[in-house]
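A.B. asks: Model the structure of this input:
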Amino acid sequence: MSSANLKQRIIVLQQRGRDLLDQLLQIQPLLRGSFTQVYTRCGKLNCWCAQSSKGHPHVRLTWSENGQLTTRKVPAQAAERIRELTGNYRKFRSLRRKVLGLQGRLQKLLDTYEQSLIVQAQRPLRSLGFTSKMSPRTYQRRQKSHRPKKRRA
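C.D. replies: Just a heads-up that it's a prediction; the model follows:
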């Protein structure tokens, strides 16, 4: 793949990452956890839920804190707000995964681009006898000390 093509792909990927990051930063209030509707039976023999297949509907919020699962019933008047906040959290996490995935792809593209630039620079040098397979020379310099060495007794 040519370096011009790689450069264009890097620019497109960077722009896509910027767009995703802008979307991610627009999401403000978050609430971690899952918002679900459950059905429970109250246990009263004369209640309609005793014969029903589902029971009384309730909405609840479940989240994990310090490795411990916590569930709380959500009051009906707060249900829409909690649904919105947990939806924001799911959107945030989804966009975050996409941004991080793009960063990984961008890193691989940059590595490939770097290699293509190195190969381009090495082509003219081959005629001069430079190859990437040559072992580098190592130069060892002695450090000259101006102080005399101390002898141990």
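A.B. asks: CA only for contacts and neighbour counts going forward, please
C.D. replies: Noted.
A.B. asks: what are the phi and psi angles of the residue most central in space within the chain?
C.D. replies: The residue lying closest to the centre of the chain (C-alpha atoms, centre = their mean) is L100, at 3.3 Å. Dihedral pair for L100: phi -70, psi -40, per degrees, to the nearest 10.
A.B. asks: and the gap between it and R18?
C.D. replies: 12 Å (C-alpha to C-alpha, to the nearest Å).
A.B. asks: cool, and Q26?
C.D. replies: 12 Å.
A.B. asks: Next: I82.
C.D. replies: For I82, the distance to R18 - C-alpha to C-alpha - is 29 Å.
A.B. asks: what does S116 give?
C.D. replies: Here S116 is placed at a distance of 25 Å from R18 (C-alpha to C-alpha).
A.B. asks: Helices of this structure, start to end?
C.D. replies: Using DSSP state H, the helices assigned to the chain run over residues 3-26, 79-126.
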